[in-house]
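Engineer: kindly return the folded structure for what I paste below:
(one chain, ligands or ions: 1)
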Amino acid sequence: MKSLKENFQKAHIVIIGSGIIGKFNALELSELGLQITIIDPSQRQNSSNAALGLLMGNMYQKRRGRSWDLRKQSIELWPRWITFLQKFNYELNIEKPLIQLTTNEEKFKKLEKFIYESNDQNLRILERDSIFINNINKTFQTKNIKGMISFRDGRINAFSLLQTLDKYLKHKKVNHLQEEIIKIRKSNNQWISTTRNNENIKSNMVILCNSLKAIDLIDSLSHNIKLKPVLGQAMEIDINDAEVDLLSLPKQFNINGKNIIPKSKNKLIIGSTDEYSTKPKEDTFEKLTNFLDKKPDWLMEGKISKKWYGIRSRPDGEPSPIMKNLEKGLVVCTGFYKNGILLAPACSKWVANEVKNYLF
Ligand SMILES: Cc1cc2nc3c(=O)[nH]c(=O)nc-3n(C[C@H](O)[C@H](O)[C@H](O)COP(=O)(O)OP(=O)(O)OC[C@H]3O[C@@H](n4cnc5c(N)ncnc54)[C@H](O)[C@@H]3O)c2cc1C
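Structural biologist: Reported below is the predicted structural model:
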């Protein structure tokens with residue numbers, strides 16, 4: 001008789017969608033020794049490729065509830081995964097720290113209260129005369145910027161992370177099908193995923209990681225799942241001012257809700273917008289640069305050298321993300337309206353537990 005472990009390792013799991021959530025689930029489940037097929041028609045044009053990769057875990061201003069629990073787990077899991085993935089890309093890293101700034105006095109008071117109450121040595125209010133605040137005030141021609149620094153938060157290059165995961169999955173010989181799944185059904189205790197080209201793929205389980213399109217494959221009414229699209233834009237700006245050195249700024253920071261990543265002395269990335277639509281609005285530059293009462297001249301005169309967008313899925317009527325066991329052998333992991341990169345490790349751990357519970 002075959003041992004439980006042998007049967008478990010023979011199990012075949014289909015993952016539909018290969019954004020960060022699909023790929024991270026494939027990583028976690030491959031490490032359990034399962035046979036994985038990951039299916040996606042266009043893995044480059046998704047919201048994961050648009051992400052800026054900021055990992056805002058510790059600076060989340062709540063210390064209880066589901067959202068905090070997922071963040072906390074991810075913060076703990078990320079360093080281990082980075083060490084593991086460095087075998088496939090030694091440059092992969094989380095660039096720390098992360099700085100959150102505001103010009104709003106009330107918001108700053110909330111930050112102060114949060115830091116005081118959280119009693120976490122890795123979170124500090126930035127001193128008025130700190131080098132960060134001085135350089136930011138000088139560059140943005142402001143006087144009233146205040147904020148906090150989080151030594152355990154940071155940024156991972158999302159594109160590089162996705163490429164590293166591809167390398168890992170290839171090394172593990174994970175089957176990758178460049179197809180769109182148009183239907184899933186259960187027959188004789190097996191799941192059948194049908195591609196647009198009418199190919200049927202049998203598996204013991206299906207994990208839906210296909211963001212907005214997850215509802216096309218399930219009976220969303222009986223499962224009561226609603227998702228709406230939220231488009232996010234980001235852009236790279238070239239500036240032309242010899243007096244300004246963008247590299248004097250922190251490596252990643254957020255001012256009044258906009259994320260900023262200096263790339264060189266005269267180039268920076270700003271993101272992102274929240275647009276309840278599937279078509280990007282034209283006023284990207286205005287939307288992304290209006291985060292201060294008065295824009296500095298160099299920013300006003302900056303030129304967009306690149307812009308991009310991604311469409312995320314936001315759950316309607318329930319908190320993000322949606323992680324549910326829908327039926328025996330069918331799991332959904334979607335609705336990552338924000339923070340999909342940050343939360344990937346915690347969510348894939350949850351999925352792995354569901355898989356173990358089902359197969360054992
Ligand atoms: C501009 C921008 C900046 C962001 N910045 C950050 C950030 O700094 N930090 C952070 O944590 N998050 C950030 N995010 C959010 C993050 O990108 C998302 O939360 C995350 O990418 C969601 O990943 P996903 O795998 O669920 O979806 P996606 O990456 O959208 O992947 C879904 C995949 O499913 C596939 N698919 C769809 N239907 C089917 C089908 N029928 N069959 C097969 N495959 C299918 C699609 O082709 C797609 O590849 C940002 C997002 C944007 C747009």
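
Engineer: mind listing the strands for the stretch 1-150 of the chain?
Structural biologist: Assignment of strands within the stretch 1-150 of the chain using DSSP state E, counting those that start in this stretch yields the ranges 12-16, 35-39, 54-55, 98-102, 123-125, 146-150.

Engineer: and the contacts of the last one?
Structural biologist: For strand 146-150, the surrounding residues in contact (Cβ atoms under 8 Å, 6 or more residues apart in numbering) are 58-59, 97-103, 108, 111, 115, 122-126, 128, 132-133. Quick note: C-beta positions are derived from backbone N, CA and C, even for glycine.

Engineer: returning to that earlier point: out of the strands of the stretch 1-150 of the chain, which is closest to R314?
Structural biologist: Counting by Cβ to Cβ, R314 lies closest to strand 54-55 out of the strands of the stretch 1-150 of the chain; the figure is 18.2 Å.

Engineer: near the ligand at all, that closest one?
Structural biologist: Yes. Strand 54-55 lies within reach of the ligand by Cβ under 6 Å from any ligand atom, at L54.

Engineer: packing partners for that strand?
Structural biologist: helix 66-85, strand 154-155, helix 340-359 (3 or more Cβ pairs under 8 Å, 6 or more residues apart in numbering; DSSP states H and E).

Engineer: go through those and name the closest to N254.
Structural biologist: Short answer: strand 154-155, nearest of the helices and strands packed on strand 54-55 by Cβ to Cβ, at 10.8 Å.

Engineer: and the contacts of that closest one?
Structural biologist: Contact with strand 154-155 is made by 52-55, 94-98, 251-252, 261, as judged by Cβ under 8 Å, 6+ apart.

Engineer: return the set of buried residues in the helix or strand following it.
Structural biologist: Past strand 154-155, further along toward the C-terminus, the next helix or strand under DSSP states H and E is helix 158-171. When burial is assessed from 16 or more other Cβ atoms under 10 Å, helix 158-171 yields the following buried residues: 158, 161-162, 164-166, 168-169.

Engineer: now, among those residues, which is nearest to K279?
Structural biologist: A158 (22.7 Å).

Engineer: what's near enough to touch the closest one?
Structural biologist: The neighbourhood of A158, defined by Cβ under 8 Å, 6+ apart, consists of 20, 48-49, 51-53, 341.

Engineer: the ligand next: which of those residues are close?
Structural biologist: With Cβ under 6 Å from any ligand atom as the criterion, the members of these in contact with the ligand are 20, 48, 51-53, 341.

Engineer: derive a PyMOL selection command for the buried subset of those residues.
Structural biologist: Selecting in PyMOL just the buried members of the ones next to the ligand among the contacts of A158, where the criterion is 16+ other Cβ under 10 Å, is done with this command:
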select buried, resi 20+48+51+52+53+341
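
Engineer: closest one of the ones next to the ligand among the contacts of A158 to K328?
Structural biologist: I20 (26.6 Å).

Engineer: wait, that closest one sits on A50?
Structural biologist: No. When contacts are counted by Cβ atoms under 8 Å, I20 is not listed as touching A50 (10.9 Å).

Engineer: so of the ones next to the ligand among the contacts of A158, which ones are in helices?
Structural biologist: Helix and strand membership here follows DSSP state H; of the ones next to the ligand among the contacts of A158, those in helices are 20, 48, 341.

Engineer: so what's the first one closest to, chain neighbours aside?
Structural biologist: Among residues not flanking I20 along the chain, S48 sits closest, at 4.1 Å (Cβ to Cβ, 6 or more residues apart in numbering).

Engineer: which residues touch the one you found?
Structural biologist: Listed by Cβ under 8 Å, 6+ apart, the contact partners of S48 are 19-21, 23, 158, 162, 310, 340-341.

Engineer: returning to that earlier point: export the strands of the stretch 1-150 of the chain to TSV and tack on distance to L247, mean neighbour count and mean pLDDT?
Structural biologist: Output for these, formatted as TSV (distance: least, Cβ to Cβ, whole Å; neighbours: other Cβ atoms under 10 Å; pLDDT from 0 to 100):
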stretch	distance to L247	mean neighbour count	mean pLDDT
strand 12-16	40	24	98
strand 35-39	38	22	97
strand 54-55	19	24	98
strand 98-102	15	24	97
strand 123-125	23	17	97
strand 146-150	18	22	97
